[in-house]
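J.: Following is a predicted model, sequence given first.
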Amino acid sequence: MSSLKLLKEKAPLVICITNDVVKNFTANGLVALGASPAMSEFKDDLEDLLKYAGGLLINIGTLTNDNWQLYRDALIIAEKYNVPAVLDPVACGASAYRKRVVDDLLENYKISAIRGNAGEIGSLVGLDIASKGVDSANVDNIGELALIANKKYNIPIVVTGEVDAIAVAGEVITIHNGSSMMPKVIGTGCLLGAVVASFIGLDKDNVFKSLETSLLAYNIAGEFAEKRPNGHLPGTYKVEFINSLYEVTDGDISLHKKVKNYV
Amino acid sequence: MSSLKLLKEKAPLVICITNDVVKNFTANGLVALGASPAMSEFKDDLEDLLKYAGGLLINIGTLTNDNWQLYRDALIIAEKYNVPAVLDPVACGASAYRKRVVDDLLENYKISAIRGNAGEIGSLVGLDIASKGVDSANVDNIGELALIANKKYNIPIVVTGEVDAIAVAGEVITIHNGSSMMPKVIGTGCLLGAVVASFIGLDKDNVFKSLETSLLAYNIAGEFAEKRPNGHLPGTYKVEFINSLYEVTDGDISLHKKVKNYV
Amino acid sequence: MSSLKLLKEKAPLVICITNDVVKNFTANGLVALGASPAMSEFKDDLEDLLKYAGGLLINIGTLTNDNWQLYRDALIIAEKYNVPAVLDPVACGASAYRKRVVDDLLENYKISAIRGNAGEIGSLVGLDIASKGVDSANVDNIGELALIANKKYNIPIVVTGEVDAIAVAGEVITIHNGSSMMPKVIGTGCLLGAVVASFIGLDKDNVFKSLETSLLAYNIAGEFAEKRPNGHLPGTYKVEFINSLYEVTDGDISLHKKVKNYV
């Protein structure tokens, strides 16, 4: 069964610890795709809920010391119940404090995958992306970046931008779908982190395929949204993107996917 | 005067202590109907604002120990100013911690009504809804569930799902309006809790009628939203639901209501 | 270059410390106009990010003692990096606690502008607006109110309502654009505070002109949104308002502006 069908059938509970700006959009996006999001923000509650979960998202968007402790608590509980955790290291390249938190989580806790943009992933592996002129449109570098991070942390890496890359166990693909309207809606990157957390635990023998499907479903929904009436305007695009996440099928993915192997 | 007209005329201030995921949707939904929402999250501020309020909502969606204390503070102040408080015990059936908090609030503070789904209300009265096969489509059981909770707590109970039930002082009705799109938008249940908090204090001699009107207005707006162009898609449905809450009238309620007495 | 073009060219980072209800709408509104919003809520993080920022917004909507301390920390850091800070004193006329916080911020920290409605600005200058029958439709009084506050605090004042006023260094204009749908969408006032924070630092030699442009762009976008299909309904209006903020141009402002000098 395809990962997308599996998602809709299992409707996994996905615990999202994410920033205040995107909670609603994240929850609506996951429901549209077929997952069951829950936002939980307290140790005792996480202990009760994570045992039923298929995935955990840690998004550090609105970071505080209290939230840092919450991430640690959640990661310990997730590991206990064998729930895969996805880290979204928001703006870790722009703030020394964010970098310190992300380094702590990656060194001392079990993280199953990272989702970030080129600047964030570059910061994790010690590359100053901005100064080297690597941007998300540069296919070769995006693939290489994903591979470097995959080798450093030994977990699946998703780098997103105009072109996306997935690296799992040394294997890398780039994905060339998506819409230039996506960055004009706040939280499209954050929602993708939650989508990755929804797919990653569906089929533990086939993580690469699940991640590929998650990004293709997401990006192709993004393309459909832009083609709707007024889809070139950000207010309408946001509405149509949720509509498209609800409608996108495996057939759409087969028809529209643009995937390249990165060698 | 009908409760809906009374709401629009009085535009009561409704203090919503609710979860981070649905604050914006809740506030926009209340404004669309005609109430005046305010989100306040601190004792000193609640002391200043609750004296002017027509209702208080306590929704435990994003529960923490700090929020637990905030709920207690708010309930004490609401009682002092005679402001009716509605409790939405989100997911209290899924988490022992949530159940403990809800039990504390119901035993030790003045709550004027509870709004929950069948699983939540079942958990409050000690029925394991899932294991007994009671679901929201089962009209008889929903009515019975509302009645059991009403007798246990001696306050109005609203149980919502595919069919809704209202129980006040031993009297029970079921409401058969609504749309299957409602659960596809995050926060439709939470917003209904806030709507109940907006209506409950409008006419203290006629609480049953006010609650009935609130649920009918809500559900019939939900039906209208589904009938709009692209109303079968969740992004559009969310927008059209706010539009419909703004437009729904007493005439619509009279024409479309499906209410049964539960004996 | 016009302020609007300058905004789109510079895409200034605007740090928004704002209430939980409107964070998403605020961020999407700023992106639509052309600014780069970031919500940051912790001293160490603010220290890292504010040095790159073009503006800081402090909106006290969901006020707590912890947030009060956060506002102080942020204002001290903003002053250090010479980042102009805009204060939105939400509901300071309705709560003694809110008034106390706002007075502290205005007396002890560097604030570069205030954006509020007539009731809020009236409360700051000791006028009980409700009891004096001043409302936002009363052009003369709005201008006078802005002027009184401008003289008291010696910083630019923006008073918004059905008619808006801007007072800078004793000079006052009133703006007669906008839509009656704006108050039916939660956060239109809060977003305007963030818009003011986006424009205020663009051209320090021409603050008056920048503020005028920000209010005109905002209000004329509001007019356009109402004219779109179903723009008279609040769900649709919210979507179309974001669309219009994205589309509004200097040409639109020239064509539609209704500005009067207040003498």
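T.: Here it is on my side, so go on. Numbers count the residues shown, from 1 in each chain, chains lettered A, B, ... in the order given.
J.: which residues touch the residue nearest the centre of chain A?
T.: Geometric centre of chain A, nearest residue: residue A:193, 2.0 Å, by C-alpha atoms, centre = their mean. Taking C-beta atoms under 8 Å, 6 or more residues apart in numbering or on different chains as the criterion, residue A:193 is in contact with A:18, A:57, A:59, A:86, A:88, A:115. For glycine as for every other residue, the C-beta is placed from the backbone atoms N, C-alpha and C.
J.: Nearest residue to the first one in space, please, no chain neighbours.
T.: Closest residue to residue A:18 apart from its sequence neighbours, by C-beta to C-beta, 6 or more residues apart in numbering or on different chains: residue A:59 at 3.9 Å.
J.: element containing the residue nearest to the centre of chain A?
T.: In the assignment (DSSP states H and E), residue A:193 maps to helix A:188-199.
J.: Could you export the contacts of residue A:193 as JSON lines, including pLDDT, secondary structure and distance to residue B:144?
T.: As requested, the contacts of residue A:193 are exported to JSON lines (pLDDT from 0 to 100; DSSP: H, G, I helix; E, B strand; the rest coil; distance: C-beta to C-beta, whole Å):
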{"residue": "A:18", "pLDDT": "97", "secondary structure": "coil", "distance to residue B:144": "39"}
{"residue": "A:57", "pLDDT": "98", "secondary structure": "strand", "distance to residue B:144": "39"}
{"residue": "A:59", "pLDDT": "98", "secondary structure": "strand", "distance to residue B:144": "42"}
{"residue": "A:86", "pLDDT": "98", "secondary structure": "strand", "distance to residue B:144": "43"}
{"residue": "A:88", "pLDDT": "98", "secondary structure": "strand", "distance to residue B:144": "45"}
{"residue": "A:115", "pLDDT": "98", "secondary structure": "strand", "distance to residue B:144": "47"}
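J.: of the residues you listed, buried ones?
T.: For the contacts of residue A:193, a burial check counting by 16 or more other C-beta atoms under 10 Å in any protein chain shown picks out A:18, A:57, A:59, A:86, A:88, A:115.
J.: rewinding a little: quickly note the distance from the residue nearest to residue A:18 to residue A:39.
T.: Computed as C-beta to C-beta, to the nearest Å, the residue A:59 to residue A:39 distance reads 11 Å.
J.: Common neighbours of the two, please.
T.: A:16-18.
J.: and of those residues, the nearest to residue B:123?
T.: residue A:16 (23.1 Å; C-beta to C-beta).
J.: name the element the closest one belongs to?
T.: Counting by DSSP H and E, residue A:16 is found in strand A:13-17.
J.: ok and that strand relative to helix A:188-199, angle-wise?
T.: 140 degrees (axes from the mean of the first three to the mean of the last three C-alpha atoms, to 10 degrees).
J.: my guess is residue A:152 meets residue A:121, correct?
T.: No. Assessed by C-beta atoms under 8 Å, residue A:152 is found out of contact with residue A:121, at 10.0 Å.
J.: Tell me which of those two has more neighbours.
T.: residue A:121 (29 against 13; other C-beta atoms under 10 Å in any protein chain shown).
J.: Name every strand pairing with the strand holding residue A:16 and say which way it goes.
T.: strand A:36-38 (parallel), strand A:53-59 (parallel) (DSSP bridges).
J.: Deepest-packed of these, please.
T.: Ranked by mean neighbour count, the strands paired with strand A:13-17 are led by strand A:53-59 with a mean of 27 (mean count of other C-beta atoms under 10 Å in any protein chain shown).
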